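S.K.: The sequence and its predicted three-dimensional model are supplied below.
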Amino acid sequence: MLNLMTIPKVPLADWMDHFVDWLTQFTGFFNGLTNFIGGIINGFQWVFDLLPIWLFIVIVVGVTYLANRDTKKWGLIIFEILGLLLIWNLDFWRDMTQTLTLVLTSSLISLVIGVPLGIWMAKSDIAQAIFKPILDFMQTMPAFVYLIPAVAFFGIGMVPGVFASVIFAMPPTVRMTNLGIRQVPTELIEASDSYGSTEWQKLIKVQLPLAKSTLMAGINQSMMLALSMVVIASMIGAMGLGTRVYFAVGRNDAGGGFAAGLAIVILAIIIDRLTQALNRERTK
Amino acid sequence: MTVKLQVKELTKIFGKRIPKAKELLQQGKTKAAILKETGATIGVDRANFEVESGEIFVIMGLSGSGKSTLVRMINRLIEPTDGSVLIDGDDLMKIDKKALREVRRKKMSMVFQNFGLFPNRTILDNTAYGLEIQGVDKVTRNQKATDALNLVGLDGYGNQYPTQLSGGMQQRVGLARALANDPEILLMDEAFSALDPLNRSDMQDQLLDLQATMHKTIIFISHDLNEALKLGDHIMIMKDGEIVQTGTPEDILTRPADEYVEKFIENVDRSKVYTAGNVMIRPTTINIDKDGPRLALKRMRENEVSTVYVVNNQRELVGIIDARDVLELVRQDSRDLQSVINTAVPTTTEETPINEILDDISQTGIPFAVLNEQKQLRGIIIRGAVLGALAGNEVNHLA
């Protein structure tokens, strides 16, 4: 019997190292990217730092109320007020806004890259055949692995955290955009074509509006995945609630870890319910 | 009549190895043989037909007969494998995408089986869709869309959404959307098939009413022969991607091309299609201006009937006389036929559909007299002949 251990190892790791080394020579490009992503992060953070805490809570509650006008989810509103007050009380406010910044930046980038990619996949079977396995790869590869090249490209801090989060969180947006567009009934596509629509008109007036709720579900999923990356991202210096959890692990501080973890849960629930409500509102 | 649309050798082959399949098709191989050899399916096999300007041309067939593929090749929603589609003599297959869009925008509109309405748009915005993508300004397009909605009887529904409307109303929107563009050709793909029978009948009537003033060229796809017979100026019957027969409704009914068409028309409600002219038989007549009672009796005896129809020199119907009355006259040696004529004869015209007079025929004992516009007697309708015609038997036609 052939023993595969006796033949030389496939030098997969070496290849990847060479590839990453090769990529790092484009320092100009990565610096530019770092500045760009950093700019977005600073923008969000600047707004959150500027907002008084009470105003932030009022805005969140206000948006929730408006998005749920017909269903009147008082329970959710009370949860939001109490949850945010608790985060304030635990002195996690700044960490929470940092985490929120990380999530929003990652989601925004996922959206900007993911939606066009999803549209391309929906329009071209070849593009779908190529990207589908890549998306599977991105999603199933353990997220820790992305941290290493992220540091190589972007150093330490929020930006590599965003980079790793985007890779991990983008697939649902791409997939759901693709799915949403492909699910538009053939007859509506035919109707659009038969009246002489251009590809662009068909996309803007028919396909995207009809794919919207599926697409929004994808964005919601991306945000949740980005949030699940915050503890991992904190290992390479992305500040926020994740850092608190990470430190608590290091100090064997069960209580502190639980408190920070709870803050993440509260944030997750608020983001999830809010994006779902906005989705319902739009598709009506 | 001018020819609006001409289809020549239009062919669609689905699957792989299409050139090979095309070659085999030209060699006269059967579909089954081509499928076995190449794996390709013949959707439409070399269709040839012409549609006249302003007519309703019905393409009939069961599902899988290729009729939907055929209609989609006319506006190139499905790209034909071979052949040409000529609109006013211009070949649609030779133009580029941009020109094709122009044709779709200006010349042809399509109505879909399941309505094809955009659920995210209001009825008005749905109706104005065709104009919107042409870049027509909002005021003009909304005006035209409102006019089109009024035309189909949907005034005031503009702000609703498709799901708020019943099926019949939704398809009216589909029709209005097509009409708002003011196209020359309407493609209607099983447009009324998803509607319940009452709604379907209403829509058919409405289409005929609209057509009486619009005179669009309409290609109507249907699997319902009754619908085809009601709407069609010409009917084309398809089977397995091939054209089996093309003709007027009467051609199809009276001279079915083969067993397939015969089977098709077996279940048709003939009372809607047959007119009095189709089922009338030659009456026994005498001329009041020159014939007397003895001749009347002789005619009755020869034809083994107990009544005879009385006409004048112009063959205008005067009335009917009964054998007993004539016998009485002969016995009295009178020649006064006039005195025994029963003038209360039910009459109808040649164009009257049978179903309109069916009740009366079954109730009155006297056969209906069929008159032309000059009041001349053309024939009579007896119950036996009507029943025979409805059952699909050949009627002993006059002519």
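M.R.: Sure, I can see it. No experiment lies behind these values; they were computed from the predicted model shown.

S.K.: For chain B, tell me whether the host helix or strand of A:Ile181 is touching it.
M.R.: Per DSSP states H and E, A:Ile181 falls inside helix A:158-182. No. For a cut-off given as Cβ under 8 Å from any Cβ of the partner chain, helix A:158-182 has no contacts with chain B; the smallest distance is 12.7 Å. From N, CA and C alone the C-beta is placed, and that goes for glycine too.

S.K.: For that helix, buried residues please.
M.R.: Applying a neighbour-count criterion of 16 or more other Cβ atoms under 10 Å in any protein chain shown, one finds A:158-181 buried in helix A:158-182.

S.K.: got it, and stretch B:265-283?
M.R.: When neighbours are counted by 16+ other Cβ under 10 Å, the buried residues of stretch B:265-283 are found to be B:265, B:268, B:270-271, B:273-281, B:283.

S.K.: Tell me which entries of those lie within helices.
M.R.: With helices defined by DSSP state H, the entries of the buried residues of stretch B:265-283 inside them are B:265, B:270-271, B:273, B:276-279.

S.K.: can I get these in TSV with distance to B:Leu10 and pLDDT?
M.R.: As requested, these are arranged in TSV below (distance: Cβ to Cβ, whole Å; pLDDT from 0 to 100):
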residue	distance to B:Leu10	pLDDT
B:Ile265	26	78
B:Arg270	32	70
B:Ser271	36	68
B:Val273	29	70
B:Ala276	39	80
B:Gly277	36	78
B:Asn278	34	76
B:Val279	38	79
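
S.K.: ok, so of the residues you listed, who is nearest chain A?
M.R.: Chain A lies nearest to B:Ile265 out of these, by Cβ to the nearest Cβ, at 30.4 Å.

S.K.: isn't the closest one right next to B:Thr254, touching?
M.R.: No. Taking Cβ atoms under 8 Å as the contact criterion, B:Ile265 and B:Thr254 are not neighbours in contact, 9.5 Å apart.

S.K.: In stretch B:369-382, which residues are buried?
M.R.: By neighbour count, with 16+ other Cβ under 10 Å as the criterion, the buried positions of stretch B:369-382 are B:369-371, B:377-382.

S.K.: what bits of the stretch 51-200 of chain A have low per-residue confidence?
M.R.: In the prediction, the stretch 51-200 of chain A carries no residues with pLDDT under 70.

S.K.: For it, what lies in contact range of chain B?
M.R.: A:185, A:187-188, A:190-198.

S.K.: Just name whatever secondary elements the helix or strand containing B:Glu23 is in contact with.
M.R.: Taking DSSP H and E as the definition, B:Glu23 sits inside helix B:18-26. Helices and strands touching helix B:18-26, as assessed by 3 or more Cβ pairs under 8 Å, 6 or more residues apart in numbering or on different chains; DSSP states H and E, comprise strand B:3-14, helix B:31-38, strand B:41-52.

S.K.: Return the member of the ones you listed having the minimum mean pLDDT.
M.R.: Comparing mean pLDDT over the helices and strands packed on helix B:18-26, the weakest stretch is helix B:31-38, at a mean of 85.

S.K.: For chain A, see how far away the spatially closest residue to B:Ser222 that is not a sequence neighbour is.
M.R.: Leaving aside its sequence neighbours, B:Ser222 sits nearest to B:Ala228 (Cβ to Cβ, 6 or more residues apart in numbering or on different chains; 5.1 Å). Between B:Ala228 and chain A the computed distance is 22 Å (Cβ to the nearest Cβ, to the nearest Å).

S.K.: going on from whatever helix or strand B:Ala228 lives in, what's the next piece of helix or strand?
M.R.: Secondary structure assigned from DSSP H and E places B:Ala228 in helix B:225-231. Past helix B:225-231, further along toward the C-terminus, the next helix or strand under DSSP H and E is strand B:234-239.

S.K.: so what does the helix or strand just after that following strand touch, helix or strand wise?
M.R.: Scanning the chain past strand B:234-239 towards its C-terminal end, the next helix or strand to appear is strand B:242-247 (assignment: DSSP H and E). The contact analysis (3+ Cβ pairs under 8 Å, 6+ apart) places strand B:242-247 against strand B:41-52, strand B:234-239, helix B:259-266.

S.K.: how about those in JSON lines, adding distance to B:Ala178?
M.R.: As requested, the helices and strands packed on strand B:242-247 are arranged in JSON lines below (distance: least, Cβ to Cβ, whole Å):
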{"stretch": "strand B:41-52", "distance to B:Ala178": "17"}
{"stretch": "strand B:234-239", "distance to B:Ala178": "21"}
{"stretch": "helix B:259-266", "distance to B:Ala178": "28"}
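
S.K.: highest average neighbour count across those?
M.R.: When neighbours are counted by mean count of other Cβ atoms under 10 Å in any protein chain shown, the highest per-stretch mean among these falls to strand B:234-239, a mean of 24.

S.K.: Mind giving me the packing neighbours of it?
M.R.: Looks like strand B:234-239 contacts strand B:41-52, strand B:56-60, strand B:242-247, helix B:249-254, helix B:259-266 (3+ Cβ pairs under 8 Å, 6+ apart).

S.K.: still on that earlier bit, and the helix holding A:Ile181, how far out from the chain's middle?
M.R.: Here the centre of mass of C-alpha atoms in helix A:158-182, compared against the chain's by Cα atoms, centre = their mean, to the nearest Å, lies 6 Å away.

S.K.: Same question for the helix or strand where A:Val115 lies: list its buried residues.
M.R.: Assigned by DSSP H and E, A:Val115 falls within helix A:93-123. The neighbour-count check on helix A:93-123 (16+ other Cβ under 10 Å) flags A:93, A:95-111, A:114-115, A:117-123 as buried.

S.K.: related to what we said a few turns ago, pick the one among the buried residues of stretch B:265-283 closest to B:Pro162.
M.R.: Nearest to B:Pro162 among the buried residues of stretch B:265-283 is B:Val268, at 33.5 Å by Cβ to Cβ.

S.K.: Kindly reformat the helices and strands packed on helix B:18-26 as JSON lines containing distance to chain A.
M.R.: As requested, these are arranged in JSON lines below (distance: least, Cβ to the nearest Cβ, whole Å):
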{"stretch": "strand B:3-14", "distance to chain A": "15"}
{"stretch": "helix B:31-38", "distance to chain A": "22"}
{"stretch": "strand B:41-52", "distance to chain A": "16"}
